[in-house]
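>>> below are the sequence and a predicted model; questions follow.
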Amino acid sequence: MARALPWWFNSLLLPLANICLAFFACAMVLWLLGVDVAYATNTMLDGALGSSEGLGYTLFYTTNFIFAGLAVALAWQAGLFNIGAEGQALIGGLGITLMCIYGQSLPMVLLFPLTIVVSALFGALWALIPGWLNAYRGSHIVITTIMFNLIASSFIVYLLVGPLKAPGQMAAVSATFTESTWLPTIESIAWSLGIAIDPSPLNISFIWALMCCAAVYIYLWRSRIGFETRVVGLNARGAKFAGIARKRIVIITMLLSGALAAFIGLNEVQGSSHQLQVEFVSGYGFAGIAIALMGRNHPFGILVASLLFGVLYQGGAELAFNIDGIGNDMIILIQALVVLFCGALEWMLKPSLVNLLRLNHPLDSKGGS
């Protein structure tokens with residue numbers, strides 16, 4: 001009698017096979033362009049992981065992807081397609097900016113927790129309105145979150161050309177924060193421990209991102225409200241018959257999702273640029289959709305997918321710098337192929353792998369999906 005597919009098939013083997021297929025497609029594109037595939041691969045890996053500086057930049061990008069992926073995945077678990085992480089991150093960055101400007105006299109041991117709380121509050125409140133509209137008015141969460149992305153962007157532009165504009169600056173940026181408000185970098189922490197590493201923008205928000213991964217896992221799989229969230233996402237009608245209040249779950253989930261997205265500002269605004277800029281989000285919110293999809297909406301999977309995208313970002317930058325004819329468009333193409341095979345075509349290899357594994361395992365191709 002055929003038995004269900006084991007947990008590792010959909011969670012580990014199938015994503016790994018899809019990633020390998022995506023990389024093969026990337027290699028074929030590079031080969032058709034006349035690029036030495038082996039050299040290009042070595043350049044990307046060496047640029048992303050071959051030095052402490054490259055690894056620092058890779059983990060810096062990974063931090064943003066973790067926050068974005070967690071924000072999308074948490075909402076997805078409740079059946080909500082939150083694509084408003086861009087706007088929520090922008091508003092969260094505004095909260096961080098206000099804290100760094102008006103709380104510059106505070107020691108870092110107090111300022112960092114306060115910026116976490118304030119950014120989470122700003123991001124959560126920005127996500128609350130679409131969540132309330134969905135729960136109580138039936139508004140489509142995709143439409144409202146897209147609209148709020150545009151509103152947030154316009155609002156930040158208004159502030160940066162008006163009340164928050166840095167004096168004497170032509171660009172739409174805020175004043176640079178005082179150095180006492182900057183997040184400590186991993187480089188500075190390593191130096192204090194007698195460890196010499198190359199400088200990079202990697203800062204302590206990376207540690208906070210890892211803590212958020214653990215917190216989201218505990219919330220979703222080790223708490224009652226997390227269980228209710230997953231039930232609502234799997235079957236809203238069944239959840240209603242079980243006595244679970246969907247409206248409450250939608251509101252709470254969107255609040256937490258917006259807070260997670262807002263933490264991108266910790267890494268970018270307080271940890272790197274040290275000022276509020278119009279484009280500091282740089283598409284991380286939309287990349288979070290692909291990361292959540294690749295990571296199967298699980299915090300551990302999101303961590304792995306975020307690291308993969310971090311390698312692609314940093315390694316792709318090295319590839320564009322070192323090889324003529326390879327620019328940002330090629331890097332976007334490589335990322336798109338990864339998303340295509342790991343997202344839209346994620347089940348394409350499933351029948352073949354099931355048939356192959358039947359040599360040793362009598363698996364049912366209909367199970368475990």
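Nice, thanks for sending it over.

>>> next SSE after the lengthiest helix in the chain?
Across the chain, the longest stretch assigned as helix under DSSP state H is helix 108-137. Next along the chain after helix 108-137, taking DSSP states H and E as the criterion, comes helix 141-160.

>>> contact partners of that following helix?
75, 80-84, 86-88, 90-91, 93-94, 126-127, 129-131, 133-134, 165, 172-174, 276-278, 285 (Cβ atoms under 8 Å, 6 or more residues apart in numbering). C-beta: built from backbone N, CA, C; applies to glycine.

>>> circling back: against which helices or strands is the longest helix of the chain packed?
helix 85-102, helix 141-160, helix 246-262 (3 or more Cβ pairs under 8 Å, 6 or more residues apart in numbering; DSSP states H and E).

>>> tabulate those helices in CSV, adding columns for mean neighbour count, mean pLDDT and distance to residue 228.
CSV is the format used below for these (neighbours: other Cβ atoms under 10 Å; pLDDT from 0 to 100; distance: least, Cβ to Cβ, whole Å):
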stretch, mean neighbour count, mean pLDDT, distance to residue 228
helix 85-102, 27, 96, 23
helix 141-160, 18, 96, 18
helix 246-262, 25, 97, 6
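
>>> now these in CSV, with distance to residue 317?
CSV is the format used below for the helices and strands packed on helix 108-137 (distance: least, Cβ to Cβ, whole Å):
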stretch, distance to residue 317
helix 85-102, 21
helix 141-160, 25
helix 246-262, 24
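
>>> quick one: closest of the ones you listed to residue 320.
Checking the helices and strands packed on helix 108-137 against residue 320 by Cβ to Cβ gives helix 85-102 as the closest, at 24.0 Å.

>>> end to end, how far does stretch 27-46 reach?
17 Å (Cα to Cα, to the nearest Å).

>>> circling back: just the buried members of the contacts of helix 141-160?
75, 80, 82-84, 86-88, 90-91, 93-94, 126-127, 129-131, 133-134, 165, 172-174, 276-277, 285 (16 or more other Cβ atoms under 10 Å).

>>> my read is that residue 250 contacts residue 133, right?
No. In this structure residue 250 lies outside contact range of residue 133 using Cβ atoms under 8 Å: 9.9 Å.

>>> and residue 190, how many neighbours?
15 (other Cβ atoms under 10 Å).

>>> circling back: shared neighbours, residue 250 and residue 133?
Contacts common to residue 250 and residue 133, judged by Cβ under 8 Å, 6+ apart, are absent.

>>> can you pull the buried residues of stretch 227-247?
228-233, 239, 244, 246.

>>> return the member of the residues you listed nearest to residue 180.
Looking across the buried residues of stretch 227-247 and measuring by Cβ to Cβ, the closest to residue 180 is residue 229, at 39.2 Å.

>>> now the closest one: closest residue in space, sequence neighbours ignored.
The shortest distance from residue 229 to any non-neighbouring residue, by Cβ to Cβ, 6 or more residues apart in numbering, is to residue 78 (4.9 Å).

>>> what do you get for residue 277?
Distances taken as Cβ to Cβ, 6+ apart place residue 173 nearest to residue 277, at 5.2 Å, with adjacent residues excluded.

>>> the one you found is in contact with residue 276, isn't it?
Yes. Using Cβ under 8 Å, residue 173 is in contact with residue 276, at 6.8 Å.

>>> for the stretch 251-369 of the chain, which segments count as helices?
264-265, 284-294, 299-322, 328-339, 350-357 (DSSP state H, counting those that start in this stretch).

>>> of these, which is nearest residue 7?
Each of those has some distance to residue 7 by Cβ to Cβ; the shortest is helix 299-322, at 12.3 Å.

>>> what's the angle between the closest one and helix 328-339?
Angle, helix 299-322 to helix 328-339, by axes from the mean of the first three to the mean of the last three Cα atoms, to 10 degrees: 150 degrees.

>>> which ones are touching the residue nearest to residue 112 when sequence neighbours are not counted?
Closest residue in space to residue 112, ignoring its immediate chain neighbours: residue 183 at 6.8 Å, by Cβ to Cβ, 6+ apart. By Cβ under 8 Å, 6+ apart, the contact list for residue 183 reads 108, 112, 203-205, 266, 270-271.

>>> redo these as TSV? Include pLDDT, neighbour count and distance to residue 304.
Formatted as TSV, the contacts of residue 183 follow (pLDDT from 0 to 100; neighbours: other Cβ atoms under 10 Å; distance: Cβ to Cβ, whole Å):
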residue	pLDDT	neighbour count	distance to residue 304
108	95	14	31
112	97	20	27
203	97	25	21
204	97	20	22
205	97	27	19
266	97	29	22
270	97	28	26
271	96	23	22
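
>>> between the residues you listed, which is nearest residue 352?
Once Cβ to Cβ is applied, the member of the contacts of residue 183 that ends up nearest residue 352 is residue 205, at 41.2 Å.

>>> residue 272 is in contact with that closest one, correct?
No. In this structure residue 205 lies outside contact range of residue 272 using Cβ under 8 Å: 9.2 Å.
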